[in-house]
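1. coordinates only, sequence not included:
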């Protein structure tokens, strides 16, 4: 039996720990989940904001869905995270 089994794979906490970029090639991913720490630091840390923007563009380029964990402030939503 071949084909789609109806489940999708997300890479959680992308950008931290064991979430290596090599997983983007090796695993049949459908979704990236941006680690909450980057989202929480947006507006206070320009580097975190740049990292988030880069992950957003990476997900678009790879045709992956994207989840931003920890979006709680209007300013975070306005940045299109």
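-> Sure, I can see it. Just so you know, these numbers come straight off a predicted model, no measurement behind them.

2. for the protein, which spans come out with low pLDDT?
-> Scanning the chain with the threshold set as pLDDT under 70 gives 1-4, 75-81.

3. may I ask you to name the longest helix in it?
-> In the chain, with assignment by DSSP state H, the single longest helix is helix 46-61.

4. what lies in contact with that one?
-> For helix 46-61, the external contacting residues (CB atoms under 8 Å, 6 or more residues apart in numbering) are 14-15, 24, 32, 34, 37-39, 41-43, 65-66, 68, 79-81. Quick note: C-beta positions are derived from backbone N, CA and C, even for glycine.

5. check stretch 20-29 too.
-> Against stretch 20-29 from outside (CB under 8 Å, 6+ apart): 9-11, 58, 62, 64.

6. buried subset of those?
-> Burial by neighbour count, judged by 16 or more other CB atoms under 10 Å, picks out 11, 64 from those.

7. now for the contacts of stretch 20-29: which two are most distant?
-> Based on CB to CB, the longest span within these runs between 9 and 58 and measures 16.4 Å.

8. ok, back up a step: buried residues of the longest helix of the chain, list them for me.
-> 48-49, 51-52, 55-56, 59.

9. so the host helix or strand of residue 12 versus helix 46-61, what angle?
-> Using DSSP states H and E, residue 12 sits in strand 10-14. Orientation check (axes from the mean of the first three to the mean of the last three CA atoms, to 10 degrees): strand 10-14 against helix 46-61 gives 160 degrees.

10. what residues does strand 10-14 touch?
-> So strand 10-14 is contacted by 19, 23-24, 27, 29-36, 55, 65, 67, 69 (CB under 8 Å, 6+ apart).

11. and which of those is nearest residue 5?
-> Distances from residue 5 to these, taken by CB to CB, are shortest for residue 30, at 12.4 Å.

12. pretty sure the closest one is touching residue 62, no?
-> No. The pair residue 30 / residue 62 is not scored as a contact, 10.2 Å apart, by CB atoms under 8 Å.

13. now for these two: what residues contact both?
-> With CB under 8 Å, 6+ apart, residue 30 and residue 62 have no common neighbours.

14. would you point out the most distant pair within the contacts of strand 10-14?
-> Farthest pair in these, by CB to CB: 27 and 36, 21.3 Å.
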